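Asks: Need coordinates for the following:
(2 chains)
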2 protein chains.
Amino acid sequence: MSQGKAIEKIMAAMGRNARQTAKILAGLDAAQKTAALHGAADAIRAATAEILAANAKDMQSAEKRGLAASRLDRLMLDAGRIAAMATGVDQVADLPDPIGQVDQNWTPANGLDISRVRTPLGVVGMIYESRPNVTADAGAICVKAGNAVILRGGADGFYSSMAIAKAFRSGLAAGGLPMDAVQLVPDTDRAAVGAMLSGLEGNIDLIIPRGGKSLIARVQAEARVPVLSHLEGLCHVYVHKDADADMARAIVLNAKMRRTGVCGAAETLLIDQACAAELLPAIASDLQAAGCELRGDEAARALVPDMTGATEEDWATEYLDAILSIRVVDTLDAAMAHIACYGSDHTESIITENTEAATRFLNGVDSAIVMHNASTQYADGGEFGFGAEIGIATGRLHARGPVGAAQLTSYHYVVRGHGHIRA
Amino acid sequence: MSQGKAIEKIMAAMGRNARQTAKILAGLDAAQKTAALHGAADAIRAATAEILAANAKDMQSAEKRGLAASRLDRLMLDAGRIAAMATGVDQVADLPDPIGQVDQNWTPANGLDISRVRTPLGVVGMIYESRPNVTADAGAICVKAGNAVILRGGADGFYSSMAIAKAFRSGLAAGGLPMDAVQLVPDTDRAAVGAMLSGLEGNIDLIIPRGGKSLIARVQAEARVPVLSHLEGLCHVYVHKDADADMARAIVLNAKMRRTGVCGAAETLLIDQACAAELLPAIASDLQAAGCELRGDEAARALVPDMTGATEEDWATEYLDAILSIRVVDTLDAAMAHIACYGSDHTESIITENTEAATRFLNGVDSAIVMHNASTQYADGGEFGFGAEIGIATGRLHARGPVGAAQLTSYHYVVRGHGHIRA
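Replies: Model (predicted):
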């Protein structure tokens, strides 16, 4: 048997296990899931030495292959990061249980009592790259929502993810949950991804890809099941002419420089021409003092000569780095048109004291998150009060914005009658 | 240029038009959409003669091709049906506007004011078969939700749909809306379906197929964009041992025979062995008196000898006809296991006076709609109070159960701060 066929057999079996397990998970009460997830957190803490040893193996191999420093950092685990991972699982465990929650209850004219009640989604397929902590995060979020999950981590973090998953599963089992609630593909064969994208014979309900553009492109080309897209975050801050100057300076600096590698980091500053002369030099000097490279259009460079020229490509680039593109715009409409053209529907913020302008921006910009007088770095499930998140969805179907346990659910209608027959 | 290429160019242009129009629709206020939809209803009424003439052309052609009587009936329009179609559009016009509705509003620990606000989905691609009235129904529901729609009707009803769409679009335009809010593919080339399933270069956000198994199979095999599935309705009524006898008789008769061709019609009766001897003969005689053919398992036939034997295939068949399969089950668990094995996740109902049994059934059966002491024929957006519906979704993503205007929306988060920067 070729390796391709072997992995397909393994994947098909994982799919069947996941489907069976999802049926069991759907029937569990909240306390059982909470306890088992705390057990998984404890098991991760108890396995710290094992996880560190596995991670050392991954790091050695990655260094040998000359991985970039940023990828090495994403891959690296230490005792602090493992403790934080376990705490994250504890926090998900303590979230309110989304399953069984009644979204709505009403009685139409026919007198039936109708409730819309949250149910699990079923089986989630999670495909990710470097960060091994996704193994625990995604496992916890999926189990909390009563879903089984099939995890396919990146080759870089293979041994780390295997060690984390082993601990997680043993913790679940100690808490009385089927350990196949969380399965990790025990192979780095890329055919496993193809099998998941085909849906494993109807045994995957939703694919969540987290990774670079080549992974996303492959998923979009091949997936035969619904996908919750997490595209790039090309986020904009628009400083309106009626912005408070100090607030604008503080928010732009924070939105760009607090952390440059997160998807909620601002990549482009749009500034109204009416306030650019007064405000842009100060904003630019704040950013440059913090080590940010600036790339501006003609009007911006006329005000701040020591920045390079921005090209068309800059407007379309998610730097994920200490670089900001800057464009001076004539009007609110021009700002919104720029965002509609170059944005990635992730997060955009307007800074203004003008309520009418803010309302037009908030209604007119079609992104998962639109903000007024706040830093785009708040685009985060934790900050939204969702507990942990599995990412920020930029598509329009099912869930948009931060995706936590509550977003990884479906619903059904429970209808109560008294012998109702329809005329 | 080959015909295939010509239709692809037409479809690509329709996609671009739809995307541009969707952006305009997203910015309209409720009153504009309501008025324009009433205008569309008026225009349909005014075009009755034209629509009847077009329908006569379709009917002649269909009769020549020897279409089955049931399909001819689905295709046929008369003045009454056209008036009902227009009234349906008026009813959708008068529904509450889902767009801008605030689902939730909260303030997490960071002090931000966060609202989840309903937005349009964008562009819907609707692929349907015989019934030309879907042209008006789907057009109205999509426009109400601020979506542009590309309609691809079946070849049988081509001229009827063209006439309805022409009237609908002129009514929209008279009300100040872009008429490309509703576009009908002006061609019966099947390549148009392929183009829609490919997503028209990112210009279709959601495909909704309505039709027979071959259409659904093609959509599942080819779609490169999200699909809202409307699979068959293999609905079950389970008569529990603690059922009220008269209620059980009335509900089973109604669930099967009120209308046999709708997706909410019951196809299988499961009856508890503890009450089968007492109840099944009466239920069977009601059904037989109403002209229903019965196909039972051994135990059922022992109680009602004049029914044929049910095969494995019967349990898996959506008859959409005056035929009912009947199985005697030992326990509630056995009933739930039968439904899990053969059901289509559409609608199932338990008849019982036992609250505990009802609760177990409602929690344990994973269908879009689960009912207690009510006829499955209530599976209908109108009965749910949604106004019109575009179908009953049987998938688990985005929307489940009856899909009306409110279900054809997305949401985004509106975040209001006071100069919030993140630590």
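Asks: Output the contacting helices and strands for the longest strand along chain A.
Replies: In terms of residue count, the longest strand belonging to chain A (DSSP state E) is strand A:409-420. Here strand A:409-420 touches strand A:113-120, helix B:245-257, strand B:369-374, going by 3 or more Cβ pairs under 8 Å, 6 or more residues apart in numbering or on different chains; DSSP states H and E. Any C-beta I mention is one placed from the backbone N, CA and C, and that applies to glycine too.
Asks: and it, which residues are buried?
Replies: A:T409, A:S410, A:Y411, A:H412, A:Y413, A:V414, A:V415, A:R416, A:G417, A:H420 (16 or more other Cβ atoms under 10 Å in any protein chain shown).
Asks: Direction included, what does that strand pair up with?
Replies: In the sheet, strand A:409-420 lines up against strand A:113-120 (antiparallel), strand B:369-374 (parallel) (DSSP bridges).
Asks: picking that back up, so of the helices and strands packed on strand A:409-420, which one's packed in deepest?
Replies: By mean neighbour count, with neighbours taken as mean count of other Cβ atoms under 10 Å in any protein chain shown, strand B:369-374 ranks first of these at a mean of 27.
Asks: What is the subsequent helix or strand relative to that strand?
Replies: As assigned by DSSP states H and E, the chain's next helix or strand after strand B:369-374 is helix B:381-384.
Asks: low pLDDT regions in chain A?
Replies: Within chain A, the stretches with pLDDT under 70 are A:1-4.
Asks: what ranges do the helices span in the stretch 251-400 of chain A?
Replies: For the stretch 251-400 of chain A, helices defined by DSSP state H, counting those that start in this stretch occupy the ranges A:273-289, A:298-303, A:312-315, A:332-342, A:355-364.
Asks: hey, C-alpha coordinates of the fourth one in PDB?
Replies: In PDB, the C-alpha atoms belonging to helix A:332-342 read as follows (Å, rounded to 0.1, in the frame of the first residue of the first chain):
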ATOM      1  CA  LEU A 332     -14.900  60.500   4.700                       C
ATOM      2  CA  ASP A 333     -16.200  59.000   1.500                       C
ATOM      3  CA  ALA A 334     -12.700  58.800   0.100                       C
ATOM      4  CA  ALA A 335     -11.500  57.000   3.300                       C
ATOM      5  CA  MET A 336     -14.400  54.600   3.000                       C
ATOM      6  CA  ALA A 337     -13.700  54.000  -0.700                       C
ATOM      7  CA  HIS A 338     -10.000  53.300   0.100                       C
ATOM      8  CA  ILE A 339     -11.000  50.700   2.700                       C
ATOM      9  CA  ALA A 340     -13.600  49.100   0.400                       C
ATOM     10  CA  CYS A 341     -10.900  48.800  -2.300                       C
ATOM     11  CA  TYR A 342      -7.900  47.600  -0.200                       C
END
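Asks: So what touches that helix?
Replies: Defining contact as Cβ atoms under 8 Å, 6 or more residues apart in numbering or on different chains, one finds that helix A:332-342 is touched by A:234, A:236, A:238, A:240, A:268, A:270, A:272, A:315-316, A:327, A:329, A:348, A:350, A:357, A:360-361, A:364-367, B:23.
Asks: of those residues, buried ones?
Replies: If we count by 16+ other Cβ under 10 Å, these have these buried: A:234, A:236, A:238, A:240, A:268, A:270, A:272, A:315-316, A:327, A:329, A:348, A:350, A:357, A:360-361, A:364-367.
Asks: when you check chain B, which of those residues turn up near it?
Replies: A:G364, A:D366, A:S367 (Cβ under 8 Å from any Cβ of the partner chain).
Asks: For the residues you listed, give me JSON lines that also has distance to A:T34.
Replies: Putting those into JSON lines (distance: Cβ to Cβ, whole Å) gives the following:
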{"residue": "A:G364", "distance to A:T34": "42"}
{"residue": "A:D366", "distance to A:T34": "37"}
{"residue": "A:S367", "distance to A:T34": "34"}
